[in-house]
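Q: A structural model of the following input is requested.
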Amino acid sequence: MNVITPYIYFAFCGAALFSAILLFFNRQKNPASMIFAVLLILFAIDTGLNAFIILKGYRSYPHLLGLSRPFIFLYGPLFYIAYSYLTANIIKVKSDQFLHFLPFLVYSFLMIPFIFKSGATKIFLYENYVKGVVYIEYSPHFMMFFKVLFFMIYSIIPLFLITKFKKTVVTFYSTVDTVKLLKLQIIAACYFGCSLILAYYLYGYINGPDFLRPDIPQTFFYPLAFVFFLTSFFALTDSSFFKCTVSTADLRFEMEELQEIQEVEEPETDKKYYKNKIPDDVAEKSLADLKEVMDLKKPFTDSNLTLVDLARIIHIKPYHLSQLINSRLGENFYVFINTARVKYAAQIMQDTANSQKSILEIAYKSGFNSKSAFNTYFKNIFHETPSQFKKKRL
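A: Numbers count the residues shown, from 1 in each chain. Purely as a prediction, here's the structure:
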């Protein structure tokens, strides 16, 4: 296995560079795709240098030793920022975002004494590790622990970001790309899995013999490669994968509104709305207005309908509409609108005048933007496919 390992790493290097080039020349370029392309280039350099070291190329070019060691402090921040753009947590680049790269800069600074050592000294320090004696870096045991901790922290954050994003989107948007959300959750979970593997390596080092090097094992490239190439596959097969498909302005406005509401906890069913609870008489009127608008104007036929849009139509505040749907109807906005769409589609299919309309045409007419989403939601409600439903009733 050790014989083919460097060639596998060279393959990783080539594949990562190729994927990065494709992302750079993608017509749908955006901050998240560009950041991930940089991440792939970083991974390509890292794997390439390590393959070179395994083949003992450092004996001819000792000054390449240690150059990729700080990269472990770049993976996490870059992955986090890419996910922040995808989940509308970040809209534009701000100066404070560069603070995430401070550990990388500090570690690189601490590596300066090693960088300026002679080639022979570098080779000796790399090949002759003795615990407690001078090594490539200062405090290698602490640095090993800090690398693992740093990577783990930045692997947990994307999980929180995508979970929060999903919850927010289904609250304010009637059309959600559930497949894309699932892909983002899988990637975040796999990246977190990488941190668990790294923690396992750390545990083995702490409990292992003294001659074990306090370094991130080169085998760590395998799980990391799986995450990066899986993400590349999703991105290259879907040009809008790295695009945040929701209105970040609406999300930020609504999240600020709801933050105040969710601070107060009460033992009632609608406890999160207690602080700004809509009066009962207003709630009854607004509920009647909502039902009238849904029956007459059918706003749900607009596939881009948002909670903010519907609130404007019935002239109430968005968070009051959210409260109304959740507390009085027992649903979130996404379920409420898509249920209305499915029921409207069922009405269309039962009308003999529409017997010649295709399922796709009916789906679009009802407000769905894809046949697959329509089929899934229709089956959840009527327990049969749209085609089966239509065939039975015509």
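Q: pull the contacting residues for the nearest residue to residue 115 once chain neighbours are set aside.
A: In space, residue 115 comes closest to residue 66 once its chain neighbours are excluded; the distance is 6.5 Å by Cβ to Cβ, 6 or more residues apart in numbering. All C-beta atoms are positioned from the backbone trio N, CA, C, and that covers glycine. Contact criterion Cβ atoms under 8 Å, 6 or more residues apart in numbering gives 111, 114, 115, 122, 136 as the residues in contact with residue 66.
Q: which of the residues in whatever helix or strand the second one lives in are buried?
A: Assessed by DSSP states H and E, residue 114 sits inside helix 112-115. Neighbour counts over helix 112-115 (16 or more other Cβ atoms under 10 Å) mark residue 114 as buried.
Q: please save the CA atoms from it in PDB.
A: Output of helix 112-115 as PDB, limited to C-alpha atoms (Å, rounded to 0.1, in the frame of the first residue of the first chain):
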ATOM      1  CA  ILE A 112       9.900  30.700  10.300                       C
ATOM      2  CA  PRO A 113      12.900  29.400  12.400                       C
ATOM      3  CA  PHE A 114      12.600  25.900  10.700                       C
ATOM      4  CA  ILE A 115      12.100  27.400   7.200                       C
END
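Q: next SSE after that helix?
A: Scanning the chain past helix 112-115 towards its C-terminal end, the next helix or strand to appear is helix 119-127 (assignment: DSSP H and E).
Q: just the CA trace of that following helix, in CSV.
A: Listed in CSV are the C-alpha atoms of helix 119-127, where the atom choice follows Å, rounded to 0.1, in the frame of the first residue of the first chain:
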residue,chain,number,x,y,z
GLY,A,119,18.8,21.7,4.2
ALA,A,120,20.8,19.2,6.1
THR,A,121,19.3,20.3,9.4
LYS,A,122,15.8,20.1,8.0
ILE,A,123,16.4,16.5,6.8
PHE,A,124,17.8,15.5,10.2
LEU,A,125,14.9,17.0,12.2
TYR,A,126,12.3,15.4,9.9
GLU,A,127,13.9,11.9,9.9
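Q: avg pLDDT for it?
A: Confidence over helix 119-127, taken as the mean pLDDT, stands at 90.
Q: wait, residue 38 touches residue 79, no?
A: No: when contacts are counted by Cβ atoms under 8 Å, residue 38 is not listed as touching residue 79 (10.8 Å).
Q: and the helix holding residue 114, how far from the chain's centre?
A: 36 Å (Cα atoms, centre = their mean, to the nearest Å).
Q: how about stretch 315-325?
A: So, by Cα atoms, centre = their mean, the centroid of stretch 315-325 is 28 Å from its chain's centroid.
Q: list the buried ones in that stretch?
A: Across stretch 315-325, burial judged by 16+ other Cβ under 10 Å covers 316, 318, 319, 320, 321, 322, 323, 324, 325.
Q: which of the residues you listed sits closest to residue 31?
A: Proximity of the buried residues of stretch 315-325 to residue 31, judged by Cβ to Cβ, is greatest for residue 318, which lies at 27.2 Å.
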